[in-house]
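[1] Using only what follows, build the 3D model:
(3 chains)
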Amino acid sequence: MGFRFIPVISVVLTLLVSGTVNAAGAIKIGALFAVTGPAAFLGEPERNTAQMVVDEINRAGGVRGHKLELIVYDTAGDATKAVQLATKLVKNDHVAAIIGPSTTGESMAVIPVVEKDQVPLISCAAGIKITDPVKKWVFKTAQNDSLAVARIYEQLQRQRLTRVALLTVSDGFGSSGREQLKAQAARHGITIVSDDTYGPKDTDMTAQLTKIRGSHVQAVICWGTNPGPAVIAKNARQLGLKIPIYMSHGVSSKKFIDLAGEAAEGIRLPSGKVLVADLLPNSDPQKRSLMAFVRDYQKHYRAEGDHFGGHAWDAVMLLKGAIERGADTPAAIRDQLERTRQFHGIGGTFTYSAHDHAGLGKDAFVLVEVKNRDWVIVK
Amino acid sequence: MQFDQLLQYTLSGLATGAIYALIGIGFSIIYNSTGIINFAQGEFVMLGGMLTLFFLELLKLPLWAAIPCSVLASTLGGVLFERLAIRPLRQPTPINLVIITIGASILIRGLAMLLWGKDTHSLPPFSGDEPIAIGGATILPQHLWILGITVVVIVANKFFFYHTISGKAMRACAYNRRAAGLVGIDVRRMVLFSFIISSAMGSVAGIIVAPLTMTAYDVGIMLGLKGFCAAIIGGMSSGLATVVGGLILGVLESLGAGLISSGYKDAIAFIILLLILFIRPQGLFGKADTERV
Amino acid sequence: MKRELLKFLAFSALVLLAPLLFKGGYLMNVLVFVGINTMLAIGLNLLLGYAGQISLGHAGFFGLGAYLSGILTASYGLDPWLVMPLAAIAVGCLAFLIGFPILKLRGHYLAMATLGLGIIIYIVFNETVELTGGPSGLSGIPNLSIGATTFDTDIRNYYLIWTFTLVIVLLAVNLTNSRVGRALKAIHDSEVAARVMGVNARLLKVQVFALSAVISSLAGSLYAHTMTFVSPASFGFNFSIELLTMVVIGGLGSIYGSFLGAALLTLLPELLRGAQDYDIVIYGALLMAMVMFMPGGLVRGVPELVRKVTRMKGRPDHA
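    Residues are numbered from 1 along each chain as shown, chains lettered A, B, ... in the order given. The predicted structure follows:
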């Protein structure tokens, strides 16, 4: 009995051990995206974008004569899988750098792998913990939540609104935002009167909003990704909640307006500039990158490019820049990445240094508002 | 003001609870005629919403036509599931049946993802979305639809199980499959019937809730779980007890979120569920009072 | 008994030699998780396959072990080797206490109650942000080390984890072949009959429940120290279901079957990697097909299949 299944196992295992053939002179870039699972709204546009940009670079002859080879694995948003696949990228595929993962949790899980095996990682997740404190091999392109929070709080201060209610989703995105919202409140003279959460799959938030309505606050800040915030917008309209509602960059896409419909009118949120690329003045240094990205994405996928895809765009372009400056080994790429200065990408203008691996300033976010079923910039 | 809030919590809870109840009854009907806990029940809820959307947007049907098409299509899915996966099973032990329904739910969800993508979609409300004030609380017209359709479904259920031959035969199977078979009832056909009814009910639940909660390929997991809870609280009856179970669950969640802690609201609901089970291991309504249909 | 010993030795040899096949590729990393999942599947199998009691909340015990180890070592700097047994004892006690009311329930009520328990534990991980780091997880958990050897590479972790796994396999094999094992099987077949024969069915069920929680907690601690990071998403309802699937696909009431189930379900996503987005569909279809065509699990189904195939070869006219 004990012996019978041994051949079966060895067959299965041998199937798994298949070496990858290296195209001559190509530089391999690994990518870990949550293409399926609960974070697919991040992973899918990221994967699409990365593939699109790499294809374009190769069509134009590669970087310094090297073609880029993108190896994408789907982590399904699972930290355990992310670690396994990061190991696979490093040990079996021998990649020169890794883009992703999509979520903060997965990024934190993967960091020990890349630090130990010394491969540069450009995370596409927003959590501030990823690059603070700075880790030698870890960079990121997604804007820190702290910048988005600061953008909202500055606006509230300007309007002299001081009493706010928080309604955040109980996943990695929401809890990271909630932490920042609480941490920065005092600095902006803001009092958090109520602090509620909702589950990522919840279908009705009237209970939380009823409680908020009863607590006489001047504004609600809701931190989440679709579809939760759209449900909240509808619930708030149902309850006749009249105070201003602020949301996070987690819903800065047309999709949110489609889902929330009428209820989205008047809702404000901090967003990457990609959402309003066509409204930006020509003097904006990011405008060229933004328009190129939006146009290409529309052409390839017949869909609106969002700032999640933008994170992957930035990551590939940052790597391209590093390779252009002469790097082709993991160590050299890391060193060159750290020397990135004034790169005008989708998420903002990146300047990395030895003590800043996030690289973005406050100008990465603009405040937008929904008016007549479209986004406008709040002046 | 305090009263307004309580009223609002209760109303919202009842509306959510009605959905749990509809899904829960689907669980009970299949459980009673086959002994299967159908973990794929939630997927029929998803299919209801997604198929309606499919008929609306791709085939450009009007809403009133898209809904019955969607129910029919999901029911067909239920029939296929029973015919292809449940009936041919060589060793239908309870645990094998659990795994096969889990497999089916993963499969259906995967197919939906491939067909319709991963995006969330919203359905238009059946009759506008102007809030209706009741006391100090507000509800939407869609909530009335939900409550109304739930009542219709329950009444239809009652009629079917007590006043039609097929319904009575299904009840007989629920009491004792062997004996039902001996008196000439085609048990396998009744099993098929139970799948037809519960997939149809699941899809109806999915359709009426979609305008409020949106729909996506993965909404079935959570809703299925809640429906299962409702059925358990109701003692796995396919009648009023499960409806009450669903409403209790909905109101508990809503009150828990409003009065105690929104983060722990599901935990509160589950702790109460555990306590109910510890004190009354046969569900809140006990075996004696429950009609096992 | 001799047969059992031979089986165990063959299995150990396989485990010991497997790394030679792969020469340190990433698959070593996957095999580490096969080891952890094997432990978990065995723990659940003792409960489900032998005592006949279902649990849809075992990911909770796994998570408790992982978080206790993670928090006490990363945030309070305690010694991992000290925390591991303490965590296991704590989780075992919890399971023992909660086992009395829960195991009074039967069938789908038991399924619901254990499911609820798992979800409550999951919510606690999510909400106690100060302790657990909440949904974004807890990082900075130290690797285990003995003397100057730190278990921070895949190959070292492989041997570490599999040493534990083999010990658990041995224990489980011994247990199931002992008086206790026979008493459990009696409960599985008929609880009333077992009681009549003088088995304290209630206590025994609770004890097995606690034992399986202890094994899960141990696996959790090891998971935390190999990953050096934990987040609630790894211990949710989905994982409980996956564990259940491992046990059933492997073969109820077979220790080596649990290994087969754990190995298959851990390696399957790797095999399906090439199928891109279709993997989830294939995964679901495979689960269904396995139950339909190998209702006794891999441990019974594969030999049967081999027998059929060899018989077919014996009679070429048949093909």
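[2] and residue 138, what is it in contact with?
    You didn't pick a chain, so chain A it is. A:107, A:111, A:114-115, A:120-121, A:123, A:130-131, A:357 (CB atoms under 8 Å, 6 or more residues apart in numbering or on different chains). From N, CA and C alone the C-beta is placed, and that goes for glycine too.
[3] could you do chain C instead?
    C:67, C:70-71, C:74-75, C:132, C:229-231.
[4] same check, this time on residue A:153
    Residue A:153 touches A:184-185, A:187-188, A:190, counting by CB under 8 Å, 6+ apart.
[5] how about a cut-off of 7 Å?
    Residue A:153 makes contact with A:184, A:188, A:190 under the criterion CB atoms under 7 Å, 6 or more residues apart in numbering or on different chains.
[6] Quick one: buried ones out of the contacts of residue A:138?
    A:107, A:111, A:114, A:120-121, A:123, A:130-131, A:357 (16 or more other CB atoms under 10 Å in any protein chain shown).
[7] Among those, name the ones in strands.
    A:121, A:123 (DSSP state E).
[8] Do I have it right that residue C:296 meets residue C:249?
    No. Counting by CB atoms under 7 Å, residue C:249 is not a contact partner of residue C:296; they are 10.5 Å apart.
[9] The two: which has the busier surroundings?
    residue C:249 (28 against 20; other CB atoms under 10 Å in any protein chain shown).
[10] quick one, what contacts that one?
    So residue C:249 contacts C:261, C:264-265, C:290, C:297-298 (CB under 7 Å, 6+ apart).
[11] Now render these as JSON lines, adding neighbour count, pLDDT and secondary structure.
    Below are the contacts of residue C:249 laid out as JSON lines (neighbours: other CB atoms under 10 Å in any protein chain shown; pLDDT from 0 to 100; DSSP: H, G, I helix; E, B strand; the rest coil):
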{"residue": "C:261", "neighbour count": "31", "pLDDT": "95", "secondary structure": "helix"}
{"residue": "C:264", "neighbour count": "21", "pLDDT": "94", "secondary structure": "helix"}
{"residue": "C:265", "neighbour count": "22", "pLDDT": "92", "secondary structure": "helix"}
{"residue": "C:290", "neighbour count": "23", "pLDDT": "87", "secondary structure": "helix"}
{"residue": "C:297", "neighbour count": "25", "pLDDT": "89", "secondary structure": "coil"}
{"residue": "C:298", "neighbour count": "24", "pLDDT": "90", "secondary structure": "helix"}
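[12] picking up where we left off before, buried by neighbour count, from the contacts of residue C:138: which ones?
    Buried members of the contacts of residue C:138, scored by 16+ other CB under 10 Å, are C:67, C:70-71, C:74, C:132, C:229-231.
[13] In helices, which of the contacts of residue A:153 fall?
    If you go by DSSP state H, those have residue A:184 in helices.
[14] Of the contacts of residue A:153 - the most surrounded one?
    Highest neighbour count within these, by other CB under 10 Å: residue A:190, with 21 neighbours.
[15] Looks like it contacts residue A:161 (just checking).
    No. Using CB under 7 Å, residue A:190 makes no contact with residue A:161, being 8.1 Å away.
[16] Please name the spatially closest residue to residue 268 (chain neighbours excluded).
    Assuming you mean chain A. residue A:369 (4.6 Å; CB to CB, 6 or more residues apart in numbering or on different chains).
[17] oops, chain C please
    Distances taken as CB to CB, 6+ apart place residue C:283 nearest to residue C:268, at 6.5 Å, with adjacent residues excluded.
[18] which SS state does that neighbour fall under?
    Following DSSP: H, G, I helix; E, B strand; the rest coil, residue C:283 is assigned to helix.
[19] So it is in contact with residue C:272, correct?
    Yes. Counting by CB under 7 Å, residue C:283 touches residue C:272, with 6.4 Å between them.
[20] The two - which one has more neighbours?
    Under the criterion of other CB under 10 Å, the comparison of residue C:283 against residue C:272 puts residue C:283 first, with 19 against 16.
[21] dump the residue contacts of the more buried one.
    So residue C:283 contacts B:106, C:268, C:272 (CB under 7 Å, 6+ apart).
[22] That'll do, ta.
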